[in-house]
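A.B. asks: Return atomic coordinates for the entry below.
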Amino acid sequence: MKYYSIKSFITIGLIAVSILLSQCKGAESPEDEGVAIETGTESGPFIKVSQKQFQTMKMSWGNPAQQEFSEGLAVQGMVKVPVEGIQEISAYFGGYVSGLKLLEGEPVKKGQVLFYLESPEFIRLQQDYLEISSQLNYLKAEYERQKTLYSENISSQKVYLKAEAEYQGAKSKTESIKRQLAMINIDAEKLTPETIRSKVPVLSPIAGFVEEIHLVQGAYLEATGKAMTIISKEHLHIELVLFEKDAAKVKPGQKVLVTVPDFPGKEFEAEVYVVGQTINDQRQINVHAHLPNDSGEISLVPGMFLEAKLQLDPKEALLVPATAVVNSEGQNYVLLQKEKSETGYTLEKVEVKLGRQSDEKIELLPNDSLDENSVILTHGAFNLLP
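C.D. replies: Now for the predicted structure:
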């Protein structure tokens, strides 16, 4: 059997006391005091928070506010170009392509030469116009002379009617060829025998960019053949897709907050313009929204995927920041300030029922314990409840 001296026991006891004292000092460090809270006081389910804890945990106070609130309906969509912004370039007359230097994606201006077409038919049209227009003055003079003679019973009606028919026919043919020349960008008024040409320019009817090119240099473009597609970004719109159950919530004029995954942190505001009147096979409807601020369209590209929140009709509601509401053990609570002293605060858990919600605001349904004068914890409540 081993025996221990009294001195040994005293030494062990001193070590134990030393360790205990060092642990107690550590518990009173500022870092631990910054997160410690006292719950379950005799007065009820209150939470005690010291001034130091309040500052360390970066808490803040606020009041519920009675404001107009619009619930956001999350939808997806795509950037689209309206029909008037898409232009298919084709030819009224067939011809061989030359001067084609554009690339897909390249911007073009309205009236810019896209390429040239060359054909003998262009020469014939110009020749026909010059020939018939040169005869027109003679036929007009002969018609007026025969009209005078007929009115004086000098000439027969048959001669008069023949002169009239020849003049009117030549006049109609002149106008017809003149219009055809205008379709290939030839000004008939400036046409002379010396300015007849076989090559005519094809001009862009709109400003935009080349989406697709369907021909190559030297190819023969058939009459009405598709040469290229030009798209204008001047009036882009957004096409949103909604499910059938949400169709009744949407109407023209509602605001839409749009975000593009490719541009984090950038937000556009749009406005509902047209709500689709039919439901597709996937039980969805299309909603068209316009971008009122044209400057925001610069970075958007047709076909780009986007996400949006459609703002439904606003209604009066008692609102708090989303950070003020904490879900604990299946119930929603806010922390109400009951007492304030020099050393800290006393908070009460108040169960609340929630209404509409957005990313930043939450509607509180009527509650006898809360009104616009109530002081609640708007930041930091999450750290105080399990």
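A.B. asks: Every contact and neighbour count from this point should use C-alpha atoms.
C.D. replies: Will do.
A.B. asks: Excluding covalently adjacent residues, which one is nearest to residue 72?
C.D. replies: Residue nearest to residue 72 in three dimensions, not counting chain neighbours: residue 311, with 4.8 Å by C-alpha to C-alpha, 6 or more residues apart in numbering.
A.B. asks: separation between the one you found and residue 356?
C.D. replies: 12 Å (C-alpha to C-alpha, to the nearest Å).
A.B. asks: hey, what's in contact with both of the two?
C.D. replies: Residues touching both residue 311 and residue 356 (C-alpha atoms under 8 Å, 6 or more residues apart in numbering): residue 71.
A.B. asks: higher neighbour count, these two?
C.D. replies: The neighbour comparison of residue 311 against residue 356 (other C-alpha atoms under 10 Å) goes to residue 311, with 21 against 15.
A.B. asks: rewinding a little: contacting residues around the residue nearest to residue 72?
C.D. replies: Residue 311 sits in contact with 70-73, 254-257, where contact means C-alpha under 8 Å, 6+ apart.
A.B. asks: Those residues in strands, which ones?
C.D. replies: 72-73, 255-257 (DSSP state E).
A.B. asks: out of those, what pair is the most spread apart?
C.D. replies: 73 and 255 (10.9 Å; C-alpha to C-alpha).
A.B. asks: okay, those two: which has more neighbours?
C.D. replies: Taking neighbours as other C-alpha under 10 Å, residue 73 and residue 255 compare with residue 255 leading, 21 against 17.
A.B. asks: give me every residue that touches the nearest residue to the more buried one once chain neighbours are set aside.
C.D. replies: Nearest non-adjacent residue to residue 255, counting by C-alpha to C-alpha, 6+ apart: residue 271, 4.7 Å away. By C-alpha under 8 Å, 6+ apart, the contact list for residue 271 reads 252-256, 289-292.
A.B. asks: Try it again at 6 Å.
C.D. replies: Residue 271 is in contact with 253-256, 289-290, counting by C-alpha atoms under 6 Å, 6 or more residues apart in numbering.
A.B. asks: Distance of the residue with the shortest distance to the centre of the chain relative to residue 268?
C.D. replies: The central residue of the chain, meaning the one whose C-alpha is nearest the mean C-alpha position (C-alpha atoms, centre = their mean), is residue 238 at 5.0 Å. To residue 268, residue 238 is 11 Å away according to C-alpha to C-alpha.
A.B. asks: Repeat that for residue 117.
C.D. replies: Taking C-alpha to C-alpha, one finds residue 117 at 43 Å from residue 268.
A.B. asks: Of these two, which one has the most company?
C.D. replies: Taking neighbours as other C-alpha under 10 Å, residue 117 and residue 268 compare with residue 117 leading, 24 against 16.
A.B. asks: Which of the helices or strands spans the more buried one?
C.D. replies: According to DSSP states H and E, residue 117 maps onto strand 113-118.
A.B. asks: Other residues contacting that strand?
C.D. replies: Residues contacting strand 113-118 (C-alpha under 6 Å, 6+ apart): 95-100, 198-203.
A.B. asks: Let's see which of those residues end up in strands.
C.D. replies: 95-98, 199-203.
A.B. asks: Now do the strand or helix carrying residue 306, average pLDDT.
C.D. replies: Assigned by DSSP H and E, residue 306 belongs to strand 305-311. For strand 305-311, the mean pLDDT works out to 85.
A.B. asks: The helix or strand just after that strand pairs with which strands?
C.D. replies: Downstream of strand 305-311, the next assigned helix or strand under DSSP H and E is strand 315-321. Strand 315-321 sits in its sheet next to strand 65-69 (antiparallel), strand 361-364 (antiparallel), going by DSSP bridges.
A.B. asks: Could you list the domains of this protein?
C.D. replies: Per automatic domain parsing, the structural domains of the chain span 32-70+316-383, 85-231.
A.B. asks: that older thread, can you redo the contacts of residue 271 as TSV with pLDDT?
C.D. replies: Formatted as TSV, these follow (pLDDT from 0 to 100):
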residue	pLDDT
253	86
254	85
255	86
256	86
289	90
290	88
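A.B. asks: Show me which helix runs longest in this structure.
C.D. replies: Ranked by number of residues, the top helix in the chain under DSSP state H is helix 120-151.
A.B. asks: chain center to it, what's the gap?
C.D. replies: 58 Å (C-alpha atoms, centre = their mean, to the nearest Å).
A.B. asks: what packs against it?
C.D. replies: Counting contacts by 3 or more C-alpha pairs under 6 Å, 6 or more residues apart in numbering; DSSP states H and E, helix 120-151 packs against helix 157-183.
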